[in-house]
Every structure is written in structure tokens, then in C-alpha cells.
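Peer 1: Following is a predicted model, sequence given first.
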Amino acid sequence: MMFLLILIYLAVIAFEIPKLVREKKWRDLVVFSLFMLLAVGLSLPMAMGVEIPNPTRYITRILAPISKAVMGREPFFM
């Protein structure tokens, strides 16, 4: 699974990066590289079975007190 994932990422990189360099789209290249790093950084550990933390839990902890203050009751998503 991991080998296939790496091959797919390499194929996408081999297809996109030469075109961006040839057309001198440096900003697009930087954004593409950042998104690819994020995608590889999240998908490879998932393929290895590592549990990735869910950001929803942290967002709920931040928004629950605000919701309680505004609505006067516990939020429905708790």
C-alpha cells in the first residue's frame, strides 16, 4: 500500500513540477510543494497504521464555551 502511494505521488510530481518550472510559475510551484508535503505527511503515516489526531475535538473544545455563552445551554455537538 505504501509503495503504491509513493509511486502515485512520484507520478504526480514528475508530471507537474517540470511544467511549472518550464512556465516559470514559481509561486504555483511553492504552493504545489507545500500541498504535496502536507498530503505525503498525512497519508504515509495513515498507510502505516498511525492514528492521526482529529482536529474536530480541539475545535469543539474552543467553540463549546462560546456556544454556551451565546445560547445559554450546552451545544448540541458535545
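Peer 2: Nice, thanks for sending it over.
Peer 1: which parts of the helix or strand of the chain with the lowest mean pLDDT are buried?
Peer 2: When the helices and strands of the chain are scored by mean pLDDT, DSSP states H and E, helix 55-71 comes last with a mean of 86. Within helix 55-71, the residues scored as buried using 16 or more other Cβ atoms under 10 Å are Ser67. Any C-beta I mention is one placed from the backbone N, CA and C, and that applies to glycine too.
Peer 1: again, but for stretch 22-38
Peer 2: Burial within stretch 22-38, assessed by neighbour count using 16+ other Cβ under 10 Å, is assigned to Leu29, Phe32.
Peer 1: Give me the mean pLDDT for that stretch.
Peer 2: Summarised as a single mean, pLDDT over stretch 22-38 is 97.
Peer 1: Residues touching that stretch, excluding its own?
Peer 2: Stretch 22-38 has contacts (Cβ atoms under 8 Å, 6 or more residues apart in numbering) with Tyr9, Val12, Ile13, Glu16, Ile17, Leu20, Val21.
Peer 1: one more time with 6 Å
Peer 2: Residues outside stretch 22-38 that contact it (Cβ atoms under 6 Å, 6 or more residues apart in numbering): Leu20.
Peer 1: what do you get for stretch 43-62?
Peer 2: Met1, Met2, Leu5.
Peer 1: That stretch: how far from the chain's middle?
Peer 2: 10 Å (Cα atoms, centre = their mean, to the nearest Å).
Peer 1: Reformat the contacts of stretch 43-62 as a markdown table; add secondary structure and neighbour count.
Peer 2: As requested, the contacts of stretch 43-62 are exported to a markdown table (DSSP: H, G, I helix; E, B strand; the rest coil; neighbours: other Cβ atoms under 10 Å):
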| residue | secondary structure | neighbour count |
| --- | --- | --- |
| Met1 | coil | 9 |
| Met2 | helix | 12 |
| Leu5 | helix | 15 |
